[in-house]
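J.: okay, predicted coordinates and the sequence, questions at the end:
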Amino acid sequence: MVSVDLNIMAPFEKEIDENWVVTTTQKIVAGINAGTDTHVEIVFTDDSTMCSINTKFRGFNETTDVLAFTTEKTIRSTSQHSDLSPGDIQPWIQAEAIPASLGEVIISVPTAARQAKDGCVLLTAEISHLLLHGILHLYGYDHENSEDAQRMEEKARNVQEHLTERNKI
């Protein structure tokens, strides 16, 4: 099971289909790591907010299309390695029943829209690409060097093929 929290800035609520984003995110995660209970947060924002986040966390004073931030502590690891005594933990909370949090993927809608227009693709296709890219980062894939970039591209192709196969009738 993949649980998805969605946060869409007000100007983009009509442009972004929440059900589509949740379903697409679930399919992507299943294609990367099927059978794992996982939680991910997806945020849709504007260029100004994205620029601020990019400046604060990466030192680049510019907007970007997608950023991904892994969760430093998952609920599961917090409950297993906390300073709480067993009596402090509520008995109805089962750590193994709570999905591990992968982290957060933030997408700039205006940048995605520009890239979709430049690439002559639908906005949903561009957002799907950015979701996949961001979620791969949450799983530890990156493109800092050519070897890592090739590994990430190969995984993206494999997941995309998985998604295409699942969508065939």
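T.: In hand now; what should we look at? Numbering: from 1, shown residues only.
J.: what's the pLDDT at Ser3?
T.: On the pLDDT scale, Ser3 is placed at 90.
J.: who's in contact with the residue nearest to it when sequence neighbours are not counted?
T.: Spatially, and ignoring its direct neighbours in sequence, Ser3 is nearest to His39 (4.7 Å; CB to CB, 6 or more residues apart in numbering). For every residue, glycine as well, the C-beta is placed using N, CA and C. Applying CB atoms under 8 Å, 6 or more residues apart in numbering to His39 gives the contacts Val2, Ser3, Val4, Asp5, Pro99, Ala100, Ser101, Leu102.
J.: in ChimeraX, select just the buried ones from those residues.
T.: Per 16 or more other CB atoms under 10 Å, the buried members of the contacts of His39 correspond to this ChimeraX selection:
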select :2,3,4,99,101,102
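J.: and the residue nearest to Ser3, how far from Ile16?
T.: According to CB to CB, to the nearest Å, His39 and Ile16 sit 20 Å apart.
J.: so what's the residue count around Val40?
T.: 27 (other CB atoms under 10 Å).
J.: quick one, what contacts Glu62?
T.: Cys51, Asn54, Thr55.
J.: sec struct for the first one, please.
T.: Put plainly, it is Cys51. Following DSSP: H, G, I helix; E, B strand; the rest coil, Cys51 is assigned to helix.
J.: any idea which helix is longest in this protein?
T.: Longest helix in the chain by number of residues (criterion: DSSP state H): helix 146-167.
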